[in-house]
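Peer 1: give me a 3D structure for the following:
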Amino acid sequence: MRFDQFGFEQEILRAIGKVGYEKPTPVQTAAIPKAMQGHDLITIAQTGTGKTAAFAWPLLHRLAGGFRAGKVRGLRALILAPTRELALQIAESVRSYGRHLPVRVAAIHGGVDEFAQIRSLRKGAHIVVATPGRLLDLLENERMDLRGVDYLVLDEADRMLDMGFLPDIETIVSQLPKRRQTLMFSATFPREVESLARRFLREPKLVQIGRRSNPAETVDQAVYEVPAHLKGPLLLELLRMPRFRRVLVFVKMKEGADRLTGFLEAAGVRVAKLHSSRSQDQRLAALQRFKNGEVQVLVATDIMARGMDIEGVSQVVNYDFPVNPEDYIHRIGRTGRAEARGEAVSFVPPEDLNLLGILELFIGERLSRRRIQAFDYRAPKQPRDPLAAQPIRDWRKRTREAEAKRAAQPAAKPKPAAPPPARKGKQENRNRTGPGGR
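Peer 2: Numbers count the residues shown, from 1 in each chain. All right, here's what the predicted structure looks like:
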């Protein structure tokens with residue numbers, strides 16, 4: 001199928017040509033005609049298959065016709081994403097696809113001054129790409145009006161409809177018109193989430209490319225069974241291999257990201273880190289350094305697992321094995337994008353073997369086990385250096401310990417009361433009130 005067979009306006013086709021796409025992907029071929037016909041959609045497809053374009057092109061096509069007829073006034077489309085980075089990426093893509101249209105796109109997210117975002121809204125944004133938290137702040141302060149929106153997109157829809165985001169999504173949807181087109185896109189979509197999603201949809205069409213639990217077919221997957229205390233040294237061994245050029249390493253917690261980054265820096269590895277406690281400027285700078293090839297490794301929490309498109313990621317390393325199979329699929333989808341080959345490596349200590357079994361049952365295949373012959377998998381855990389900085393202890397724990405220590409001490413004997421001061425004589429009082437005393 002060719003792009004011109006979708007019936008797009010010429011402005012859209014010109015933008016597609018400049019981006020350099022040669023032919024539609026399977027998910028685009030299946031989803032775009034239904035979206036063009038005005039249907040609500042649930043679209044499930046592997047990561048890196050062009051889902052952003054599959055909802056952006058029909059939206060821009062509709063706006064192109066409205067611009068020509070002079071009927072586009074104010075906000076017409078709302079796209080929701082779970083992270084700031086993904087919201088910024090989608091906004092950039094929509095601007096690129098709409099470069100030949102007078103379309104204004106605003107990105108609304110936390111971590112930056114909201115007044116700049118309010119100014120962009122006042123200029124008359126036609127499309128808003130937002131994270132739910134900041135969007136709700138603006139709605140509560142009456143900075144936005146969603147009554148003119150007739151096109152709603154939930155990207156990474158399964159994450160947007162989990163228990164963390166669901167109350168926010170319900171509040172936002174309650175302020176949208178009843179008659180609208182709603183599109184939901186994700187690489188994973190559990191059955192229970194799909195049934196929940198139908199509350200927000202009207203007679204939706206289902207577009208599913210491949211199995212809904214399948215990792216990207218362009219990613220080679222392997223497991224290293226390694227004790228937890230040897231994950232750092234094993235990662236260094238892998239990073240010395242020539243094929244590990246641009247490596248995205250996932251950890252569970254931001255504290256773990258800080259520790260691993262420090263460990264790699266001490267070993268001479270060019271590394272950046274990205275997690276929720278970093279400022280927006282720091283997060284964007286780390287991401288840009290990784291994209292530019294200034295650093296070999298980006299250590300990140302799962303805020304990087306959803307939807308982010310970074311060209312040339314050679315490997316994804318699950319330094320901390322994910323608890324949920326869906327998170328594994330989204331993580332490894334950061335490599336092997338746009339039909340390129342990628343590699344996913346997972347470190348699995350003995351205590352996580354049960355999680356590996358759950359994942360393999362979920363995806364329906366056994367992952368390849370690998371070992372580095374020269375690496376000592378039985379090396380003992382090194383004792384802590386007494387000169388190393390000790391971790392900061394929780395202030396609540398310190399307070400409880402201090403209170404327990406005071407309670408265990410015997411009660412102190414009360415000090416004898418001090419004798420009252422002697423009364424001053426009449427002569428002294430008279431002297432103070434005399435002419436010299438004043």
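
Peer 1: next, count neighbours for Phe244.
Peer 2: 18 (other Cβ atoms under 10 Å). Quick note: C-beta positions are derived from backbone N, CA and C, even for glycine.

Peer 1: what do you get for the one 10 residues further on?
Peer 2: A count of neighbours around Lys254, defined by other Cβ under 10 Å, yields 17.

Peer 1: now Tyr328
Peer 2: With other Cβ under 10 Å as criterion, Tyr328 counts 28.

Peer 1: in what helix or strand does it lie?
Peer 2: Here Tyr328, judged by DSSP states H and E, is contained in helix 325-332.

Peer 1: other SSEs contacting that helix?
Peer 2: strand 315-318, strand 342-348, helix 353-363 (3 or more Cβ pairs under 8 Å, 6 or more residues apart in numbering; DSSP states H and E).

Peer 1: just name the most buried of those.
Peer 2: strand 315-318 (a mean of 25; mean count of other Cβ atoms under 10 Å).

Peer 1: now that one, how far from the centre of its chain.
Peer 2: 16 Å (Cα atoms, centre = their mean, to the nearest Å).

Peer 1: domain parsing for the chain?
Peer 2: Per automatic domain parsing, the domain ranges recorded for the chain read 3-208, 219-369.

Peer 1: about what we covered before: dump the helix holding Tyr328 to CSV, keeping only the CA atoms.
Peer 2: In CSV, the C-alpha atoms belonging to helix 325-332 read as follows (Å, rounded to 0.1, in the frame of the first residue of the first chain):
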residue,chain,number,x,y,z
PRO,A,325,6.0,-8.8,32.0
GLU,A,326,4.4,-5.8,30.3
ASP,A,327,7.3,-3.6,31.6
TYR,A,328,9.8,-6.0,30.1
ILE,A,329,8.1,-5.7,26.7
HIS,A,330,8.1,-2.0,26.8
ARG,A,331,11.7,-1.7,28.1
ILE,A,332,13.2,-3.9,25.4
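
Peer 1: which residue is the nearest non-sequential neighbour of the most centrally placed residue in the chain?
Peer 2: Nearest residue to the geometric centre of the chain (Cα atoms, centre = their mean): Ile303, 2.4 Å. Once flanking residues are discounted, Ile303 sits nearest to Thr83: 5.0 Å by Cβ to Cβ, 6 or more residues apart in numbering.

Peer 1: hang on, the one you found packs against Asp302?
Peer 2: No: when contacts are counted by Cβ atoms under 8 Å, Thr83 is not listed as touching Asp302 (9.1 Å).

Peer 1: what about the helices in the stretch 301-438 of the chain?
Peer 2: 325-332, 353-363, 395-408, 426-433 (DSSP state H, counting those that start in this stretch).

Peer 1: tell me the mean pLDDT for the longest one?
Peer 2: By that I understand helix 395-408. Helix 395-408 carries an average pLDDT of 66.

Peer 1: I figured Lys205 hits Met36, correct?
Peer 2: No: when contacts are counted by Cβ under 8 Å, Lys205 is not listed as touching Met36 (11.8 Å).

Peer 1: any residues in contact with both of those two?
Peer 2: Counting by Cβ atoms under 8 Å, 6 or more residues apart in numbering, Lys205 and Met36 have no common neighbour.

Peer 1: what's near enough to touch His39?
Peer 2: So His39 contacts Gln181, Glu203, Pro204, Lys205 (Cβ under 8 Å, 6+ apart).

Peer 1: for Ile42, which three-state class applies?
Peer 2: strand (DSSP: H, G, I helix; E, B strand; the rest coil).

Peer 1: and it, how many residues sit next to it?
Peer 2: Ile42, neighbours per other Cβ under 10 Å, totals 23.

Peer 1: per-residue pLDDT of it, please?
Peer 2: Taking Ile42 on its own, its pLDDT is 95.

Peer 1: quick one: it from Phe165, how far?
Peer 2: Computed as Cβ to Cβ, to the nearest Å, the Ile42 to Phe165 distance reads 17 Å.

Peer 1: same question for Pro58.
Peer 2: 24 Å.

Peer 1: what's the burial count for the nearest residue to Asp4 once chain neighbours are set aside?
Peer 2: In space, and not counting its chain neighbours, Asp4 is closest to Leu13: 6.0 Å by Cβ to Cβ, 6+ apart. Each residue near Leu13 was counted by other Cβ under 10 Å, and the total is 17.
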